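*Asks:* A predicted structure for the sequence below; I have some questions about it.
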Amino acid sequence: MKTSIFGLTLEQLTTWLLDNGQKKYRAEQIWDWLYIKRITEFAQMANVSKECIQLLEDNFVLYTLEQSVKQESADGTIKFLFKMQDGNLIETVLMRFKYGSSVCVTTQVGCNIGCSFCASGLLKKSRDLSSGEIVEQIMKVQQHLDEVKKEERVSHIVVMGIGEPFDNYTNLMSFLSVVNSQKGLAIGARHITVSTSGIVPKIYDYADEGLQVNLAISIHAPTNELRTRIMKINKAYPIEKLMDAIDYYLEKTNRRITFEYILLRDVNDHVEEAVKLAKLLENKRHLSYVNLIPYNPVDEHGQYQQSTPEAISAFYDALKKKGINCGVRHEQGADIDAACGQLRSKQIKKADKVQA
Ligand code: SAH
Ligand code: SF4
């Protein structure tokens, strides 16, 4: 199968062109057509030689994703379901905020981390997405915006869709390089956030990359006992190890970290846990922000319910009282199943029913 040209960094494309007898300047020309003019066929590249276009057509494809479902929410959130070349389905969400338009991308088909509250983890990982497939999600959303002619640009990216990005590290890095490049989409590193469930060795690697891209850690509980119950990855990488890696990251980058904390009723939403969380973050308060996430109910995880509004505000107040920066994440697109993995799992269930 030919690969997507969106998977190549500018350096990789330059090397490839040189290896194939083309001039170096072609790479930037091609990138301009791909990312600025946003062509849908190689043949549209008016200033590129026929020979070079043929070479690209013989070796790459432009788009491999096919839009399968699009749902628009009353608040402007749009959820896309894409079919990949091998038939697998992935989802991508566009969210509109006052500060810009943010796209949430998927990095794997399924997820092996298997957190107990998550729809994505219900399906074991069947494969990693290539960097091209991750970049294409942004391009497809941008093309949709181009079509509706609102001059709206994808300004922010969150790597928080299906999958564990640090379990697909190399492709994630190529993706970040492509979307961040000044010659391409030029989405500022500070406008991009990667979220991880806490794969400790990769946090060290990531710290060493010297990127300005934001890091979010899904912490979800302040003690090992509780965290292991909610996220089994805590057995492999317990809180002390995670905190050591985070301290290393903070020391190296001096960049603020976001801690995601999903609030599950009567499980991890007591003031007692808020106090423990504050204690855990005490020595890095100045570089921490806690994002409290109201749980989005998943049919298959009937053991969990959303916290009450009272519990959420008591948790928030307890953190604030201890001097922790925090906020409650506003739900986007709740009416269209915009939480991770939910649209995909519904579509798969529907397909199963049709087949049955
Ligand atoms: N695998 C990475 C990134 C994808 S999940 C990670 O776990 O960090 C991104 C975020 O969505 C995580 O913080 C996760 O806790 C949250 N999430 C997953 N299922 C959810 C649900 N049912 N309701 C609300 N948030 C959920
Ligand atoms: Fe995977 Fe993240 Fe879902 Fe956990 S929360 S199962 S790591 S996608």
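*Replies:* Sure thing, it's come through. Ligands and ions are numbered 1, 2, ... in the order given.

*Asks:* measure how buried the closest residue to residue 124 other than its chain neighbours is and give me the count.
*Replies:* Leaving aside its chain neighbours, residue 124 sits nearest to residue 110 (5.3 Å; criterion: Cβ to Cβ, 6 or more residues apart in numbering). Where you see a C-beta, it was placed from the backbone N, CA and C, and this is true even at glycine. Using other Cβ atoms under 10 Å, residue 110 has 20 neighbouring residues.

*Asks:* repeat that for the one 5 residues further on.
*Replies:* When counting by other Cβ under 10 Å, one arrives at 22 neighbours for residue 115.

*Asks:* list the contacts for residue 258?
*Replies:* Residues in contact with residue 258 (Cβ atoms under 8 Å, 6 or more residues apart in numbering) are 193, 214-217, 288-291.

*Asks:* out of those, grab the one that's most surrounded.
*Replies:* residue 290 (24 neighbours).

*Asks:* is the one helix or strand residue 317 maps to in proximity to ligand 1?
*Replies:* Residue 317 is part of helix 309-321 when elements are defined by DSSP states H and E. No. For helix 309-321, no contact with ligand 1 is found by Cβ under 6 Å from any ligand atom; the gap never falls below 12.8 Å.

*Asks:* quick one: name the residues of the stretch 151-300 of the chain near ligand 2.
*Replies:* 163-164, 197, 218.

*Asks:* let's have those in JSON lines, adding secondary structure, pLDDT and neighbour count.
*Replies:* Putting these into JSON lines (DSSP: H, G, I helix; E, B strand; the rest coil; pLDDT from 0 to 100; neighbours: other Cβ atoms under 10 Å) gives the following:
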{"residue": "163", "secondary structure": "coil", "pLDDT": "95", "neighbour count": "29"}
{"residue": "164", "secondary structure": "coil", "pLDDT": "96", "neighbour count": "28"}
{"residue": "197", "secondary structure": "coil", "pLDDT": "97", "neighbour count": "25"}
{"residue": "218", "secondary structure": "strand", "pLDDT": "97", "neighbour count": "24"}
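
*Asks:* could you export stretch 293-306 as CSV, CA atoms only?
*Replies:* C-alpha atoms of stretch 293-306 as CSV (Å, rounded to 0.1, in the frame of the first residue of the first chain):
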residue,chain,number,x,y,z
ILE,A,293,-13.1,16.5,34.0
PRO,A,294,-16.7,15.5,34.7
TYR,A,295,-17.0,11.9,33.7
ASN,A,296,-18.9,11.3,30.5
PRO,A,297,-21.0,8.2,31.0
VAL,A,298,-20.0,5.1,28.9
ASP,A,299,-22.6,2.4,28.6
GLU,A,300,-20.2,-0.4,29.2
HIS,A,301,-18.8,1.1,32.4
GLY,A,302,-22.0,1.1,34.4
GLN,A,303,-20.1,1.1,37.7
TYR,A,304,-19.3,4.8,37.3
GLN,A,305,-21.5,7.8,37.5
GLN,A,306,-20.9,11.5,37.1
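
*Asks:* that one and ligand 1, any residue contact?
*Replies:* Yes. With Cβ under 6 Å from any ligand atom as the measure, stretch 293-306 is seen reaching ligand 1 through 293, 295-296, 298.

*Asks:* what's the offset of that stretch from the middle of its chain?
*Replies:* Distance of stretch 293-306 from the chain centroid (Cα atoms, centre = their mean, to the nearest Å) equals 21 Å.

*Asks:* now residue 177. Nearest residue, chain neighbours left out?
*Replies:* Per Cβ to Cβ, 6+ apart, closest to residue 177 is residue 9, 4.7 Å.

*Asks:* the residue nearest the centre of the chain and ligand 1, how far apart?
*Replies:* Per Cα atoms, centre = their mean, the C-alpha nearest to the average position across the chain is that of residue 159, at 1.4 Å. Remark: distance between residue 159 and ligand 1 (Cβ to the nearest ligand atom, to the nearest Å) = 7 Å.

*Asks:* before we move on, the earlier item: tabulate the residues of the stretch 151-300 of the chain next to ligand 2 (TSV), appending distance to residue 40.
*Replies:* Formatted as TSV, those follow (distance: Cβ to Cβ, whole Å):
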residue	distance to residue 40
163	27
164	32
197	36
218	36
